[in-house]
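Novice: build me a structure from this.
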Amino acid sequence: AVDALKELRYRPFIVAAMGSHGGATAEGQRTLLAGYGITAETMGVEVRTDMETVVVGKSPVGLPIYFDKNAYEADGIVLLNRVKPHTDFHAAHESGVLKMLVIGLGKQEGAAQVHKLGLRGMKEVLPAVGKVLVEHTKLALGVAIIENADDLPAEIVAIEPDAIFDIEPKLLDRARALMGRLPFD
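Specialist: Sure, this is the predicted structure:
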């Protein structure tokens with residue numbers, strides 16, 4: 001993705017979109033990314049793990065919507081993420097591009113806002129906040145990666161921002177069908 005953006009003459013950089021992972025610190029998230037082989041040296045672009053956010057609006061329950069400052073100030077945002085079932089809840093949107101937009105780029109503050117609402121936060125507030133962010137950020141493209149039972153990419157789908165809400169639930173169903181499972185109920 002970085003090379004493709006460079007070929008198009010963009011100047012990409014990578015932003016950590018991990019919510020509160022890595023202890024909700026810039027260094028913790030930098031260390032996590034490095035563990036996946038994502039460093040400035042391996043990727044050939046700057047990797048920004050700052051935790052600073054801006055407030056983009058208010059959620060339907062009146063809480064501020066936080067968003068990564070680096071991503072907000074970028075000329076465009078391309079989100080890459082696996083679409084897969086979440087381990088803790090079942091909804092139309094579980095782990096995927098929308099969750100990365102809302103919780104990952106929400107950094108610690110944004111992740112806390114959605115998570116503290118529990119299941120309602122994940123099922124209702126996450127998509128509502130996602131709609132605000134699609135409208136008020138420079139999201140240019142989502143890239144959804146669906147893995148097979150061996151955790152290898154089985155399908156890669158480009159998603160236009162306004163289509164995330166319709167396409168991602170279908171991709172989640174596809175991901176669920178490709179997961180490894182026991183051969184009986």
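
Novice: what's the first helix or strand after the longest strand belonging to the chain?
Specialist: If you go by DSSP state E, the chain has its longest strand at strand 139-147. Per DSSP states H and E, the first helix or strand lying C-terminal to strand 139-147 is strand 153-159.

Novice: that older thread, given the longest strand of the chain, what are its sheet partners and their directions?
Specialist: Using DSSP bridges, the strands paired with strand 139-147 are strand 77-82 (parallel), strand 153-159 (antiparallel).

Novice: and the gap between K131 and A1?
Specialist: Using Cβ to Cβ, to the nearest Å, K131 is found at 25 Å from A1. (C-beta placed from N, C-alpha, C; glycine too.)

Novice: same question, V143
Specialist: According to Cβ to Cβ, V143 stands 7 Å off from A1.

Novice: overlap of the contact sets of the two?
Specialist: Taking Cβ atoms under 8 Å, 6 or more residues apart in numbering as the contact rule, V143 and A1 both touch 78, 80.

Novice: what's the pLDDT at I156?
Specialist: pLDDT recorded at I156 is 97.

Novice: report the contact partners of it.
Specialist: Applying Cβ under 8 Å, 6+ apart to I156 gives the contacts 143-146.

Novice: mind listing what the most centrally placed residue in the chain touches?
Specialist: Nearest residue to the geometric centre of the chain (Cα atoms, centre = their mean): M100, 1.6 Å. Taking Cβ under 8 Å, 6+ apart as the contact definition, M100 lies against 17, 79, 81.
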